[in-house]
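Asks: Below are the sequence and a predicted model; questions follow.
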Amino acid sequence: MDEIKNVSLEMKDYIASSGAETLSWCMQCGLCTNLCPWRLVPGEVSENFNIRKMQRLGQLGLEGFEEENILFACVTCGMCQINCPRNVEIIDNVRSMRNTTVGAGFLPAHLRPIAGSLHANGNPWSGEREKRAAWQNGLDIPAFTEDTEYLLFVCCTSCYDTRSQKIAKSIVRLLKAAGVNFGVLTAEENCCGESIRKLGDEELFQKLAQGNIDLFKRNGVKKIITTSPHCLYAFKKDYPELGGEFEVMHYSEVLAQLVKEGKLAFPEELVRKVTFHDPCYLGRHNQVFDPPRELIQAIPGVEFVELDRSRNKSLCCAGGGGRIWAEVPMGERFGELRITGAVEKQADTLVTACPYCIIMLDDACAGLEKGDVLQVMEMSELLCKALDPK
């Protein structure tokens, strides 16, 4: 019995040393579980996943994590963390527990190809490294030089996924319309590494991140515009730990400021009733709430309406924490609740500002067969329509 106790204590200390410094702060009040989005849907994962229990198991040294769907179900949305009365860094605790498991060689089967592609190709989508910049063909995007003000960093999803490439192209068009001095280093970049770090592969994250940091410093990068909130998070909150200090902004922040300065305007009237889904990694994690709304409301003819759960209370799409690669049955997807909420508001357009959210909300809208009454759009696409509806 003493040997088992000692092993558990050693494992708890190891988890804490991996980044879960606040694990012992949890007093098991249960507020995190009550606020968790898994409580809002039925299904096997919802029945098994309990973030309060997860913290307790971590305190006991990971005993009881026989099922992958418990340890890897957390979407890292941050709803629990921002409401924790003890300020427990719950997501860091989750990441550290996963790190312990992954470090022992137990990455879930459906995530192994993701990690393998990141190792081999520098992206999670099994895309050839040589084709990372293929989406730029015909767009005449300048290469970043020492005289360039902003580096535009395009998410791996928007480099390789056909649907998401439209987002990158729309953002390029908007930056050009506003006269922004920007350039790209896309062909030489790695994935930002945010998701694989949340999945617990710290070694792989550091390999990807260090490659990007070296690339940015070598080229004199000082300011970065991201197309994805996940890249925004990585560059602002993860990279400084490795010596990567840059001024980083989501494209919505840059464009909103340009509108205020009169450098960007939307001449075309769009008669639409629009609502906005706050991405967790743009909103709760980075507190960027106003710029997207300011941009949407700058479009002539748009009627803006808020979803019932918005800003810091926004409901996750379920794409974070590596769940973008999970198979979830219809009827158990958070995105379905967002689609239903937008329809109840009688909106004809649901807008978001994250490539992960677009994938999840598009799938939910199609699964619910609501495409005839609701269009899911990335914000850059809506803004481009206001530049020129063609």
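Replies: Thanks, I have it.

Asks: The helix or strand hosting Ser380 - contacts with which helices or strands?
Replies: For Ser380, the host element (DSSP states H and E) is helix 379-387. Secondary-structure packing of helix 379-387 (3 or more CB pairs under 8 Å, 6 or more residues apart in numbering; DSSP states H and E): helix 162-177, helix 251-260, helix 290-297, strand 349-352. (Glycine included, C-beta is placed from N, CA and C.)

Asks: Reformat these as CSV; add mean pLDDT and distance to Met97.
Replies: Shown next, in CSV, are these (pLDDT from 0 to 100; distance: least, CB to CB, whole Å):
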stretch, mean pLDDT, distance to Met97
helix 162-177, 97, 30
helix 251-260, 98, 33
helix 290-297, 98, 33
strand 349-352, 98, 29
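
Asks: now these as JSON lines including distance to Ala109 and mean neighbour count?
Replies: What follows is those, written out as JSON lines (distance: least, CB to CB, whole Å; neighbours: other CB atoms under 10 Å):
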{"stretch": "helix 162-177", "distance to Ala109": "25", "mean neighbour count": "20"}
{"stretch": "helix 251-260", "distance to Ala109": "35", "mean neighbour count": "21"}
{"stretch": "helix 290-297", "distance to Ala109": "37", "mean neighbour count": "20"}
{"stretch": "strand 349-352", "distance to Ala109": "30", "mean neighbour count": "25"}
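
Asks: I'd like the ones you listed laid out as JSON lines, including distance to Glu189.
Replies: Below are the helices and strands packed on helix 379-387 laid out as JSON lines (distance: least, CB to CB, whole Å):
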{"stretch": "helix 162-177", "distance to Glu189": "13"}
{"stretch": "helix 251-260", "distance to Glu189": "16"}
{"stretch": "helix 290-297", "distance to Glu189": "24"}
{"stretch": "strand 349-352", "distance to Glu189": "24"}
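
Asks: for these, which one sits closest to Leu35?
Replies: strand 349-352 (21.2 Å; CB to CB).

Asks: So what are the sheet partners of the closest one and their directions?
Replies: strand 272-276 (parallel), strand 375-378 (parallel) (DSSP bridges).

Asks: Next secondary structure after it?
Replies: Sequence order places helix 355-367 as the next helix or strand after strand 349-352, per DSSP H and E.

Asks: in that next one, what counts as buried?
Replies: By neighbour count, with 16 or more other CB atoms under 10 Å as the criterion, the buried positions of helix 355-367 are 355-365.

Asks: now the angle between helix 162-177 and that helix, please.
Replies: 130 degrees (axes from the mean of the first three to the mean of the last three CA atoms, to 10 degrees).

Asks: Neighbours of Cys192, how many?
Replies: Cys192: 25 surrounding residues under other CB atoms under 10 Å.

Asks: Share the number of residues neighbouring the residue lying closest to Tyr281 once chain neighbours are set aside, please.
Replies: Distances taken as CB to CB, 6 or more residues apart in numbering put Pro229 closest to Tyr281, at 3.6 Å, once the chain neighbours are dropped. By other CB under 10 Å, 28 other residues sit near Pro229.

Asks: What distance do you get for Pro229 to Leu215?
Replies: 21 Å (CB to CB, to the nearest Å).

Asks: repeat for Asn34
Replies: Distance, Asn34 to Leu215, using CB to CB: 44 Å.

Asks: Tell me the one among the buried residues of helix 355-367 nearest to Ile90.
Replies: Tyr356 (20.1 Å).

Asks: which stretch among the helices and strands packed on helix 379-387 comes nearest Leu337?
Replies: When the helices and strands packed on helix 379-387 are compared by CB to CB, strand 349-352 sits nearest Leu337, at 12.0 Å.

Asks: Which residues does the closest one contact?
Replies: By CB atoms under 8 Å, 6 or more residues apart in numbering, the list of residues contacting strand 349-352 from outside reads 272-279, 292, 296, 317, 338-339, 342, 358, 361, 365, 374-379, 382.

Asks: How are the strands of the stretch 201-350 of the chain distributed by residue range?
Replies: 223-226, 247-250, 272-276, 302-304, 349-352 (DSSP state E, counting those that start in this stretch).

Asks: Report the mean per-residue pLDDT for the fourth one.
Replies: Read it as strand 302-304. Taken as a whole, strand 302-304 has an average pLDDT of 98.

Asks: Packing partners of that strand?
Replies: strand 272-276, helix 290-297.

Asks: Which one of the helices and strands packed on helix 379-387 lies nearest to Lys237?
Replies: helix 251-260 (15.6 Å).
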